[in-house]
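J.: For reference, the sequence and a predicted model appear below.
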Amino acid sequence: MSPPLYSYFVLHRQKESYGNHFRSSYRGGAPVAPAKRTPSPIDQVWNFFISVKLAIFTLIILAIASIFGTIVEQNQPPEKYHQIYEDWAFALMNRINLFDMYHPGGFWPSWSFSR
């Protein structure tokens, strides 16, 4: 038994309307990807600062700096450090301000290795 004539025209019309829709979004049967927008420099900077990778990296650096500050005895005279450490180790630790890690001006600048 064949479908009624009315349903044939309804199905045929739906197929045409969908076909036109699909032809506008498909080329040769393959889907067309939407064009990617290149982020502006401000967006790139913003995306860098809100990234989870940066947050994890910062927390790891903070933890490592805290561990070093806990292991190395703080606020001792330089002569004591010379007795404990060799000259190259003392120079490196002094350069990164490892002997006064938790002083308000000493903890954060030690990350930039500047003095």
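T.: Nice, I can see it. Here the structure is a predicted model, which means the values were calculated and not measured.
J.: Could you check how far Val52 is from Phe68?
T.: Note on Val52: its distance to Phe68, by C-beta to C-beta, to the nearest Å, is 25 Å. (C-beta placed from N, C-alpha, C; glycine too.)
J.: Look at these two and report which has more neighbours.
T.: Phe68 (14 against 7; other C-beta atoms under 10 Å).
J.: hang on, the more buried one in a helix?
T.: Yes - secondary structure of Phe68 (DSSP: H, G, I helix; E, B strand; the rest coil): part of a helix.
J.: Asp43: neighbour count?
T.: 11.
J.: can you check His82 too?
T.: 12.
J.: Quick check on it: phi, psi?
T.: Per-residue torsions, His82: phi -60, psi -30 (degrees, to the nearest 10).
J.: Would you mind listing the residues in contact with it?
T.: Phe90 (C-beta atoms under 8 Å, 6 or more residues apart in numbering).
J.: Go again with 10 Å.
T.: Counting by C-beta atoms under 10 Å, 6 or more residues apart in numbering, His82 makes contact with Ala89, Phe90.
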